[in-house]
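Colleague: starting from these lines, generate the structure:
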Amino acid sequence: MGAVFEVLTTPPAYLKKALVRDQDAGRSTEPHLIPFGPHRLQHCVLWEPDEVKHDECVMYFHGGGYLVGTPESMIDAANVYNSEGYRFCSVGFRLMPHDRFPAQVDDAFAGIAAARAWLLEHGRPAGRFFVGGSSCGGHLATLVGYASWLQKEHGLDPRDIAGVISVAAIVDADDMLLKYFPGPIWPCYIGLPSAPGTASRHEALLPYSPLPLLEELPEGAILPPFFAIHGKADTLSPYRHEEEFVRRIEELGGEGAATLCSIDDPLWQHMWTTVTLHKDKVAASRPLSGLFAWMDAQEGC
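Modeller: I've put the predicted structure just below:
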């Protein structure tokens, strides 16, 4: 029933996206394009409000199952964050199957580095930043925030991350859309060796699965604060996995290290959450108003 309802809620989600008027973003300038590679999707789009109220920039990854999407598609989220005085940078990444996973992870780190370099070069604060994403973009955000081996490999200091924002994120790599692909097909989408002697998708993706990676954090690892928005009825990125991710971060980081804004409404399936969340006014949205109160609390921490 959940999968059927997911399909049924998708058209209304996009209808709302089309019909609801964009909120006033407080932005009169065109966005900045920041390339970081030769591919057409290897670029960031940076939107800046006229009145910047926060030093931290928001680095955000779009959803789409690693199969579709562009950085320009996050204009609704840019409007929301700009309306609250945040710079908003949508970080692009290459897509499967043309570029097999984990090319998307490499692009996530490269894009953030390019955006921070641009901010520094143009006289903007380029120190601490928030990282977030929707669905598969949330998967990238959690890897940037909590995969110590990837941070070390890409030269990212986790102390620079003010917080990690998840909107129905994939926190268990087994929930990637690849789970629906037959055995002979998924290797065409993943450029990773399987475990010796196996052809297991699970084993191949394990180093990029945020939930089990929390079990392998080195002693003294830095855990950025975490805020998640997730519908309990989500069938594509199961709510229970996000709940477990939050519980584990709190075990490691203590009370208050993670916040889960759960939505107990059957309408808030995966697509409704990821497509419509940023169409709402902040003051009228419990998830968004809670998110920005949390972000304000991270400043200067």
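Colleague: for residue 238, phi and psi?
Modeller: phi -50, psi 130 (degrees, to the nearest 10).
Colleague: got the contact list for it?
Modeller: 172, 175 (Cβ atoms under 8 Å, 6 or more residues apart in numbering). Where C-beta positions appear, they are placed from N, C-alpha and C, glycine not excepted.
Colleague: shift numbering so it begins at 321
Modeller: From this message on, residue numbering opens at 321, which makes the last subject residue 558.
Colleague: distance of it from residue 587?
Modeller: 17 Å (Cβ to Cβ, to the nearest Å).
Colleague: now residue 403
Modeller: 24 Å.
Colleague: give me the more crowded residue out of the two.
Modeller: residue 403 (19 against 15; other Cβ atoms under 10 Å).
Colleague: pairing-wise in the sheet, spell out the partners of the spatially most central residue of the chain.
Modeller: Among the residues of the chain, the one closest to the centroid is residue 453, at 1.6 Å (Cα atoms, centre = their mean). Note on residue 453: beta-bridge partners by DSSP bridges are residue 381, residue 486.
Colleague: test my guess that it contacts residue 384.
Modeller: No. Checked against Cβ atoms under 8 Å, the pair residue 453 and residue 384 is beyond contact range at 10.7 Å.
Colleague: for the helix or strand harbouring residue 613, packing partners?
Modeller: If you go by DSSP states H and E, residue 613 is part of helix 606-618. Counting contacts by 3 or more Cβ pairs under 8 Å, 6 or more residues apart in numbering; DSSP states H and E, helix 606-618 is packed against strand 481-487, strand 546-551, strand 578-583.
Colleague: beyond the helix or strand bottoming out on mean pLDDT in the chain, next helix or strand please.
Modeller: Ranking every helix and strand in the chain by mean pLDDT, DSSP states H and E puts helix 322-339 at the bottom, with a mean of 62. The helix or strand immediately downstream of helix 322-339 is strand 352-355, counting by DSSP H and E.
Colleague: who does that following strand pair with, and is each partner parallel or antiparallel?
Modeller: strand 363-367 (antiparallel).
Colleague: quick check: mean pLDDT across the strand it pairs with?
Modeller: Averaging pLDDT along strand 363-367 gives 98.
Colleague: one more: stretch 523-533?
Modeller: Per-residue scores along stretch 523-533 average to 92.
Colleague: what do you get for stretch 453-472?
Modeller: Stretch 453-472 comes out at a mean pLDDT of 97.
Colleague: what's the span of that stretch, first residue to last?
Modeller: In stretch 453-472, first residue to last residue: 21 Å (Cα to Cα, to the nearest Å).
Colleague: swap in stretch 452-470?
Modeller: End-to-end for stretch 452-470, by Cα to Cα: 16 Å.
Colleague: before we move on, what SS does the spatially closest residue to residue 490 that is not a sequence neighbour have?
Modeller: Nearest residue to residue 490, sequence neighbours excluded (Cβ to Cβ, 6 or more residues apart in numbering): residue 459, at 4.0 Å. The assignment at residue 459 comes out as helix when based on DSSP: H, G, I helix; E, B strand; the rest coil.
Colleague: what's near enough to touch residue 459?
Modeller: Contacts of residue 459 by Cβ under 8 Å, 6+ apart are 453, 489-491, 493, 496, 530.
Colleague: please produce a markdown table containing these, extended by distance to residue 580.
Modeller: Below are the contacts of residue 459 laid out as a markdown table (distance: Cβ to Cβ, whole Å):
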| residue | distance to residue 580 |
| --- | --- |
| 453 | 16 |
| 489 | 11 |
| 490 | 15 |
| 491 | 11 |
| 493 | 20 |
| 496 | 21 |
| 530 | 15 |
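Colleague: now, those residues that are in helices?
Modeller: Among the contacts of residue 459, the ones falling in helices (DSSP state H) are residue 530.
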